[in-house]
Structure formats: C-alpha cells, structure tokens
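In: all I have is the shape, not the residue letters:
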C-alpha cells in the first residue's frame, strides 16, 4: 500500500506527512469524523486546503491514511516460523496505550462509516483489505509449513476472530483490549479453530 | 430479567408496552440515540412524559428495554441436547431481516454508548450481562454432558466470538450477518475452539 501512498505525495517530506497525520488524528479524537473539516486540518497544520485536496483527494482518504500511518509497519514483515509466533508478534507491536488510542479512533469512525460512502470505501481499500491480505499471507505460510490444513473452514474467519475480539472487549468486559487479552484469545480461540495446538 | 421488568410497569398492558417499544425503535432508527427525546416518544405514542419517566426512569432504560423486548424470548429456554444444536437453534430464531434490523439498531447505539454513561450501564445490565449469563448456562450444560472440558480456555470468550462475528461481518465482507454466516462461523470457529467436533 505504501507504494501507492508515496506516488501522489512525493512532494512533502515523511516528517511533514507524519506531523500532518498526527494533527488529523488529534482532530478526529477531539471532534469526531463528521465535525472534522479540511479547514480545521489546514489551520492546525498551517497548510493550504488546496495542498490537502491535491495530496489526499478528500477528507475520507486523509483520515484513513492518517490511521494507517500510525500502524507499526506492515504485518507481512513478521515471519517467526510458527503461526503462534507470528500472531503474538503482531499483537506485541502495539503497546496497550497505542491499542487504547486505536479503539478510540475506530470508535470515532464506526458511526461515520455508515453515513459516508467515501469513508467506507477508503476504510475498506486502504485498511481492511490490505489487512485481510496480510493475514492471509501469514496463514498461507502456516499452510505451507503444514501447521494448518488448507481446507480448514476457520481460514475464512481469521480477521473476524481478531477484529471481533478487539471490538467487543470493552462492551463485554468493560476494559480496553490489551496485549495480554489478545494473546490469550489467540491461544484459546484462533489457534484451536485453525487446528493448531496453542503450545506448539 | 422480565420479572424485574414487569414489576415497575404492571399498570400498562403487554400490547401497549409492545406498541410503545416499537415506536421507540422506529425513532431510534430515524434520528439516532442522541436526537431521540422523551418528548418525541410521548408525542408519537400519545403518552405523557410523566408516564414514560415513571415507568422507565429515563431514555437509556426505555431504549434498552425496547431493544430487549424485540428479542425472541430467552435463550435459556433452548435445550436441544447438544451444544451445536443449542447454538444453531439460537441463531435460527432471528431471521435475516430481523438480524439486519438489529445490526442497524446496535449501530445507532454504538457511538452513543461512549458518551452516555446511563446508556452504557443500562446496556450492560439489561442486555449484555443477561446474555453472557444465558450463554454460560447453555455451555454449563455442555460441560455437564461431557461435550466441553470445564477448563477449556475458550469458555471465557464465547460471547466475544459470537458478538464479534456479528459485529465485524459488514466491515470485513460488506454484507450483513445472516443465519447461514453465523451457523458457518459457529461450526468453523466456536465449536472447534471449545473442542467440540462440528459434526457431533
């Protein structure tokens, strides 16, 4: 995804881009998606609106790219030699504070997504689909290693399992998802569903 | 839960109560939780606000009880003799249209819940906790029958798995959850995680 991302924004430095994305996420937390305006982003980052539109096309893409930018690198780089190792490593890259931040950001988008088709589309194309794809690659390696059977029906539901645990933790247990919770969920649910013994 | 519910509202008939709850859910779909007022509920149902407050205490409880009322009876009545049978039966009680309605209603509450402590509390006490409790009873019977080991770590995550699948279906697959999807998820994820062969 970063190759697509770079081409259109080649004129601004990575530092400036990170600063801009940070300001967008601050605004998103402060006012929510619907009340976030390109004017406010321009004012806070001392940019022109024309620049913002030229570089990002619009609010939806800017917000989703800001969320993506905050993620710690590509999941696809993770390759520990076992599915359990890979999944635990992915969880370990976001500490509990970052995860709590992400819950707050996803929540700010959760409602907006149903009233804004462009946001929904950007979220799917720039966050959901690449993530599904990257998890798929990790699991494909597990299949090649013989850890998971290629016809295991849970293969279709890996992202549902992981995102579902992340999304329901607060509602069900009144506490934010943490590394410890997600690791325990991976060992108790995801690996057994895929036919992998958690102690492997 | 219905015993608590009945005591305070003994003065209105079940038909009138159902009519009132229907109007509340219509309003919730139309305007969302924050814009829903007791005045609007009173106007649409030709009730006095005083009656609404006396019977339900406030907006949060009224909305959550309306959502609960719409559910097809108590899960705890389901007892088919196998965990798979019980879970499939629970899923089978809400047809795909009702399920799509519920997704829309839950979505209308999802944002509001984080800004309204009384809504969050009502949702937990009147919907989440009773549901967790009822699933627990179904699983306890599976443990008694020897279907599930009492120390299976996935026992803590049954509601996360089911609600998670329900909540993430639209985001990940761009289609609402259906009976067929949830049955497939139960067979592919929930039962294997609990150590139950799906074909049992």
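Out: Done, it's in. Here the structure is a predicted model, which is why all the values come from computation and not from measurement. Residues are numbered from 1 along each chain as shown, chains lettered A, B, ... in the order given.
In: what residue ranges in chain A score low on pLDDT?
Out: Across chain A, residues meeting the criterion (pLDDT under 70) sit at A:1-10, A:198-200.
In: so which bits of it are right by chain B?
Out: A:107, A:110-111, A:113-114, A:123-124, A:128, A:132, A:152-154, A:156-157, A:159-161, A:163-165, A:167-169, A:171-172, A:174, A:184-185, A:187-189, A:192-193, A:195 (CB under 8 Å from any CB of the partner chain). Placement of C-beta: from N, CA and C, glycine included.
In: which other residues reach the helix or strand where residue A:68 lies?
Out: Assigned by DSSP states H and E, residue A:68 falls within helix A:59-69. Outside of helix A:59-69, the residues within contact range by CB atoms under 8 Å, 6 or more residues apart in numbering or on different chains are A:1, A:5, A:17-18, A:20-22, A:24-25, A:28, A:33, A:36-38, A:41, A:52, A:56, A:105, A:109, A:116, A:118-119, A:121-123, A:126-127.
In: can you check stretch A:76-92 too?
Out: So stretch A:76-92 is contacted by A:75, A:134, A:137-139, A:141-142, A:145, A:147-148, A:179, A:182-183, A:186-187, A:190-191, A:194, A:196, A:198, A:200 (CB under 8 Å, 6+ apart).
In: in helices only, show me those.
Out: Using DSSP state H, the members of the contacts of stretch A:76-92 that fall within helices are A:134, A:137, A:138, A:139, A:141, A:142, A:179, A:182, A:183, A:191.
In: what's the ChimeraX line that selects buried ones from these?
Out: Only the buried entries of the ones in helices among the contacts of stretch A:76-92 go into this ChimeraX selection, using 16 or more other CB atoms under 10 Å in any protein chain shown:
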select /A:134,138,139,141,142,182,183,191
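In: can you tell me which of the ones in helices among the contacts of stretch A:76-92 is nearest chain B?
Out: Among the ones in helices among the contacts of stretch A:76-92, residue A:191 lies closest to chain B (CB to the nearest CB), at 8.9 Å.
In: so the closest one sits against residue A:197, correct?
Out: Yes: assessed by CB atoms under 8 Å, residue A:191 is found in contact with residue A:197 at 7.2 Å.
In: now the residue of chain A found nearest chain B: which helix or strand?
Out: Using CB to the nearest CB, the closest approach of chain A to chain B is made by residue A:164 at 1.9 Å. Using DSSP H and E, residue A:164 sits in helix A:158-173.
In: what packs against that helix?
Out: helix A:96-112, helix A:129-144, helix A:179-185, helix B:158-173 (3 or more CB pairs under 8 Å, 6 or more residues apart in numbering or on different chains; DSSP states H and E).
In: quick one: closest of those helices to residue B:12.
Out: helix B:158-173 (31.3 Å; CB to CB).
In: give me the angle between the closest one and helix B:129-144.
Out: 110 degrees (axes from the mean of the first three to the mean of the last three CA atoms, to 10 degrees).
In: now helix B:158-173: buried residues?
Out: In helix B:158-173, counting by 16+ other CB under 10 Å, buried: B:158-172.
In: ok, now stretch A:143-159?
Out: A:143, A:147, A:148, A:152, A:153, A:154, A:155, A:157, A:158, A:159.
In: could you identify the most distant pair in those?
Out: A:147 and A:159 (18.2 Å).
In: tell me the gap between stretch A:90-105 and the middle of its chain.
Out: The chain centroid and the centroid of stretch A:90-105 are separated by 10 Å, computed with CA atoms, centre = their mean, to the nearest Å.
In: buried residues in that stretch?
Out: A:90, A:91, A:94, A:99, A:100, A:101, A:102, A:103, A:105.
In: show me what secondary structure element comes after the longest helix belonging to chain A.
Out: Counting by DSSP H, the longest helix found in chain A is helix A:14-35. Next in sequence after helix A:14-35, counting helices and strands by DSSP H and E, comes helix A:38-45.
In: what does that following helix rub up against?
Out: The contact list for helix A:38-45, computed with CB under 8 Å, 6+ apart, reads A:19-20, A:23-24, A:26-27, A:31, A:47-49, A:51-53, A:58-59, A:62.
In: that one: which residues count as buried?
Out: In helix A:38-45, the ones that count as buried by 16+ other CB under 10 Å are A:38, A:41, A:42, A:45.
In: ok, residue A:108 touching residue A:30?
Out: No: using CB under 8 Å, residue A:108 makes no contact with residue A:30, being 9.4 Å away.
In: the two: who's more crowded?
Out: residue A:108 (23 against 11; other CB atoms under 10 Å in any protein chain shown).
In: how far away is that one from residue B:73?
Out: 36 Å (CB to CB, to the nearest Å).
In: again, but for residue A:135
Out: 38 Å.
In: same deal with residue A:77?
Out: Distance from residue A:77 to residue B:73, by CB to CB: 50 Å.
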